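**Q** take a look and give me a structure for this.
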Amino acid sequence: MKPYILSPNSESPLHSTSCIDYKGALNAAQLEVVFAFDGPLLVIAGAGSGKTQTLVYRVARLIEQGVHPSHILLLTFTRRAAQEMLQRVGLLVGGRSEQVRGGTFHSVGNILLRRYGQAIGLDSSFTIMDRSDAEDVIHLLRTEYGLHEKKRRVPRKNTIAEMFSKTVNTLRTLDDVILDNYAHFVELIDDLRHLQKAYQNYKAKHLLVDFDDLLVKLDELLDSGRELQEELSKAFRYILVDEYQDTNFLQARILQKLASAHNNIMAVGDEAQSIYSFRGATFRNIMDFPNQFPGTHVIKLEENYRSTQPILNLANEVICGAEESYGKRLFSRRIEGAMPVLVRAEDENSQSRFVAQRIFELREEGTALNDIAVLVRSSYQAFDLEIELGKRGLPFIKRGGMRLMETAHVKDLLAHLRVVENPHDAVSWNRILMLIEGIGPKKSAQIVSQVVHEATPGRWLVELAQRMRSTGLAEFAGCMERLNEMTASAPADLLSLASTYYLPILKQRYDDYPKRIRDLDHIQMISMRYDLLQVFLSDLALDPPNESGAESEDELVDNERLVLSTIHSAKGLEWSCVFLLWLLDGKFPSSYSIFSNHELEEERRLFYVAMTRAKHLLYLNYPINIYDRQAGAVLSRPSRFLDNVSTTLLDSWVVVDGITSEHGNSDV
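**A** Now for the predicted structure:
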């Protein structure tokens, strides 16, 4: 069935007037999206085309039409994005926006599983494990099963976790995942299959779920009974999904079930920006959406509000070479602008010196450093540039590295609260006990096997400490007794008590403890926003802060820093000037991808994403005469993605001994 389209000039069937200025805020294509009503809708939103604005007004319009806000589900890939969108909806329709259900697939899964999980035998007090917790459990089980003692090489715990995760996100068996991606471990398939089963049993026994389980069990819940699926589908009468090109097969299947009672689903995405297959995302979801939801109406948002037309002309030309697409062409009302520049350097250091010098010049000309970005295919490709920037005193921040919630000291502290919330959490118990002097892996395992079954773990630990005559264990037991007595208290109070106990341990274990203390202070500040411990711990697991408190402080003191980033980390961001390094055939696309059409097409899309981050200036840089050991050849030509690009779309510069000569239009 075709969706019911309301003309921007027509009267709503429920309300004859509107106080929202849709025409003043939206272009014609965006208006068509906002005024679409029932049925499946696919919005192909090009880079910089105002998709967030469109989603905000779409939600506002539904509410204005008389749809109860609680019947609207807005799914995004970060909860922060959902919150920001709904705040903007609130500016249009007032407090009603607070009742809209918004969040990530995982956060929605968490809420529904805690409410309805009993239907599939899942207790509502489950604890969510992050990736490192999952790896620790896998390591524990791998050791228990004696896999580490085999004469053949056994995958590391993070590799095994990745294998298990791929089975979920790609809906394939473990055997298929190993054969396709880890063929060198094929002799261990039986062992890994048994380990996967043991991992599932361990989680069930200790009331633990990992991130993948939040989707797997939500899917299982929706299949547990026709009445429940229909109830949940009717509860979410209108479903809006952002960044649909980044969904995996399981998420698409969940959406089909959630929309089964009404088919009122709107997916927003850009097939040209599908770049996360390594995480399990699939390009096929957005391309097959019209088949999965028959009667889909497709609307393309092609007006770009970010880049000048010369940059868009190049991006359009590159992406039109894709094997499969929706055939959009971005355009801008900013017709004039500098041509993108293809810069050939004699070697890597020459490339770095050119980029550093040009950045220095741009800053002198008035462009702020934080409005300039250097993008790379892989993080190691920026190492030489980092040295050159240091020589010239140009400050920079590199996107990536360990996140705050992955740091040992933060995980140590939160483990104390996690066992209060879920006394069956063996992973957290083990982490805490291993901090106590005199308790090693063997003793910790013995204690954990008992404490998870105790009704009053604090009191049991006190008695154990007396028998063991362990001062460290006694101090910990006292802390746990007080925490258990305060379970009804606010998370900030519980965290403060745990911090008081943990601080001496922190100072003893880490030479850089002052910096780590600032991280704990940062977590303490976050905890003050919460009233319930379960919600606080779930939110930290599902939507962790990206930076440490120290890093945040530094940015406030001096935000004049150049950005070095991988292209994957830059998606969704924009800068006035963008430098792309190593646009050398064999490096971008990488020599690993040139024998696979699927991988080569994703590399093309990655290049497209990099180019469309630039607003005014775009420099495409490549060194020549680079020997590549894998290819066994000298690499000397620019990326094959430029092979069919018109010479009128690029200026060409050559850098020799740090001196730049301009050659007008490119001769690629």
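
**Q** pLDDT-wise, which helix or strand of the protein ranks last?
**A** helix 549-557 (a mean of 42; mean pLDDT, DSSP states H and E).

**Q** C-terminal to it, what's the next element?
**A** strand 562-566 (DSSP states H and E).

**Q** continuing past that following strand, what's the next helix or strand?
**A** Toward the C-terminus from strand 562-566 - assigned by DSSP H and E - lies helix 567-570.

**Q** which strands and helices sit next to that next one?
**A** Helix 567-570 is packed against strand 372-376, helix 597-611, with contacts defined by 3 or more C-beta pairs under 8 Å, 6 or more residues apart in numbering; DSSP states H and E. Yep, even glycine has a C-beta here, placed from its N, CA and C like the rest.

**Q** what's next to that helix, contact-wise?
**A** 275-276, 373, 375-377, 399-400, 563, 580, 606, 609-610, 613 (C-beta atoms under 8 Å, 6 or more residues apart in numbering).

**Q** let's go with 10 Å and repeat that
**A** 275-276, 278-279, 373-379, 398-400, 563-564, 578, 580, 588, 605-611, 613 (C-beta atoms under 10 Å, 6 or more residues apart in numbering).

**Q** which parts of it are buried?
**A** By neighbour count on 16 or more other C-beta atoms under 10 Å, the buried set for helix 567-570 is 567-570.

**Q** can you redo those residues as CSV with pLDDT?
**A** Output for the buried residues of helix 567-570, formatted as CSV (pLDDT from 0 to 100):
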residue, pLDDT
Ile567, 94
His568, 92
Ser569, 91
Ala570, 92
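
**Q** closest to Lys203 among those?
**A** Lowest distance from Lys203 to those (C-beta to C-beta) belongs to His568, with 29.2 Å.

**Q** and the gap between that closest one and Ser449?
**A** To Ser449, His568 is 42 Å away according to C-beta to C-beta, to the nearest Å.

**Q** do Val56 as well
**A** Counting by C-beta to C-beta - Val56 and Ser449 are separated by 52 Å.

**Q** okay, the two: which has more neighbours?
**A** Neighbour totals were compared for Val56 and Ser449, and Val56 leads with 24 against 11 (other C-beta atoms under 10 Å).

**Q** contacts only, for that one.
**A** Val56 neighbours (C-beta under 10 Å, 6+ apart): 25, 34, 50, 74, 84-92, 97.

**Q** helix, strand or coil: sort out the residue nearest to it when sequence neighbours are not counted for me.
**A** Spatially, and ignoring its direct neighbours in sequence, Val56 is nearest to Arg88 (4.5 Å; C-beta to C-beta, 6 or more residues apart in numbering). State at Arg88, reduced to three classes by DSSP: H, G, I helix; E, B strand; the rest coil: helix.

**Q** related to what we said a few turns ago, from the contacts of Val56, pick the one nearest Ala322.
**A** Nearest member of the contacts of Val56 to Ala322, counting by C-beta to C-beta, is Gly50, at 22.8 Å.

**Q** now do the contacts for that closest one.
**A** For Gly50, the residues meeting the contact criterion (C-beta under 10 Å, 6+ apart) are 25-27, 29-30, 56-57, 301, 303-306.

**Q** how about the residue in the chain that sits furthest from its center?
**A** Arg467 (47.5 Å; C-alpha atoms, centre = their mean).

**Q** who's in contact with Arg561?
**A** Arg561 neighbours (C-beta under 10 Å, 6+ apart): 368-370, 372, 394-398, 554-555.

**Q** mind giving me the PyMOL select for those, buried ones only?
**A** Only the buried entries of the contacts of Arg561 go into this PyMOL selection, using 16+ other C-beta under 10 Å:
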select buried, resi 369+370+372+394+396+397+398
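
**Q** give me the distance from the lengthiest strand in the chain to the chain's centre.
**A** Assignment by DSSP state E gives strand 614-623 as the longest strand of the chain. Strand 614-623 has its C-alpha centroid displaced from the chain centroid by 25 Å (C-alpha atoms, centre = their mean, to the nearest Å).

**Q** now stretch 347-359
**A** Taking C-alpha atoms, centre = their mean, one finds stretch 347-359 lying 31 Å from the centre of the chain it belongs to.

**Q** kindly report the same for stretch 283-294.
**A** That offset, for stretch 283-294, works out to 22 Å (C-alpha atoms, centre = their mean).

**Q** so Ile397, which state does it fall into?
**A** Assignment for Ile397 (three-state DSSP): strand.

**Q** Ala498: helix or strand, and which one exactly?
**A** helix 491-509.

**Q** tell me the buried residues in that helix?
**A** Of the residues in helix 491-509, 491-492, 494-495, 497-499, 501-502, 505-506 count as buried by neighbour count, 16+ other C-beta under 10 Å.

**Q** same check, this time on stretch 435-447
**A** So stretch 435-447, judged by 16+ other C-beta under 10 Å, has buried residues 435-436, 439, 443-445, 447.

**Q** cool, thanks, signing off.
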